[in-house]
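K.L.:
Need coordinates for the below:
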Amino acid sequence: MRHTYLGTTIQFVIKYKNRTSIGISINGYGEIEVQAPKRTPDERVLQALEEKWDFIQQTLKEMKDRMNGPQEKIYENEESFLYLGNTYPIRIIQDLTITQDHVMFEGKELHIYVKQLEDEKIKQALKRFYYQQCKALVEKSISSYQSYFKPKPRSIRITDSKTTWGTCDSKQQLTFNWRLAMAPREVIDYVVVHEMCHMVHLNHDRSFWRLVGKIMPDYKEKENWLALINWKMNV
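P.N.:
Modelled structure (predicted):
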């Protein structure tokens, strides 16, 4: 079926099921599926789509952008970077009096203080900021969820990984990707819970996922956020 709203047309399929509410999902190919209770009027289905129109359009845009691949960052004022799930412009400030280049979150901007106006200096200042923020956020999250676990992490490290968000080894040493500071707090919490569950179950067996689901029932939503947005989490 097709529906046009606010000047934009989408295609979607409807599946009628034994349920009490209307659900809308978009798969990895950008196909929109509406699951509705049996005998739901077409008008109500269209109304539900319109209520979620902004979400649908934003998701489809994210998918299109993701297929185009990450764009190289420009280290100039107003270039945007992710922090805690939101996008903020940067403002570069040259300060010859500082002892170390650094970044501060001020208002609705990321202020980058550097001695030299060089791209590499700005990039390294940003990475250092994300490392520091990630460590603080992860430690806070571990403290919040520690009551669910008998074992405690023996060490916590922040690393630069191209393949994983976090790891837990047999010695209960946890590592986390500094890019997590770009994710919403609840997504960071999920990665922390995931790795802490490995202190109990090293493998991804049923017992492991049962424990994850018991602590965080909506963990799949967090996984989906990472799967959809991870390509934007770079400096």
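
K.L.:
any weak-confidence spans in this structure?
P.N.:
68-71 (pLDDT under 70).

K.L.:
Identify the residue nearest the geometric centre of this structure.
P.N.:
Nearest residue to the geometric centre of the chain (CA atoms, centre = their mean): Ala183, 3.9 Å.

K.L.:
From Glu51, how far out is it?
P.N.:
Ala183 sits at a distance of 27 Å from Glu51 (criterion: CB to CB, to the nearest Å). Glycine gets a C-beta too; all of them are placed from N, C-alpha and C.

K.L.:
Leu60 too?
P.N.:
The gap separating Leu60 from Glu51 is 16 Å, by CB to CB.

K.L.:
Which one of the two is surrounded by more residues?
P.N.:
A side-by-side neighbour count of Leu60 and Glu51, using other CB atoms under 10 Å, places Leu60 first with 15 against 12.

K.L.:
Identify the residue spatially nearest to the more buried one, adjacent ones excluded.
P.N.:
When the adjacent residues along the chain are set aside, Leu60 lies closest to Gly30, with 5.7 Å between them (CB to CB, 6 or more residues apart in numbering).

K.L.:
Wait, that neighbour touches Met63, no?
P.N.:
Yes - at 5.1 Å, Gly30 counts as touching Met63 under the criterion of CB atoms under 8 Å.

K.L.:
Enumerate the positions of the helix ranked longest in the chain that are buried.
P.N.:
The longest helix of the chain (DSSP state H) is helix 119-145. Of all the residues in helix 119-145, those buried under the rule 16 or more other CB atoms under 10 Å are 121-122, 125-126, 129-131, 133-135, 137-138, 141-142, 145.

K.L.:
Which of those residues sits closest to Tyr75?
P.N.:
Distance to Tyr75 across the buried residues of helix 119-145 (CB to CB) is lowest for Ile122, with 4.2 Å.

K.L.:
Leaving out sequence neighbours, find the closest residue to the closest one.
P.N.:
Tyr75 (4.2 Å).
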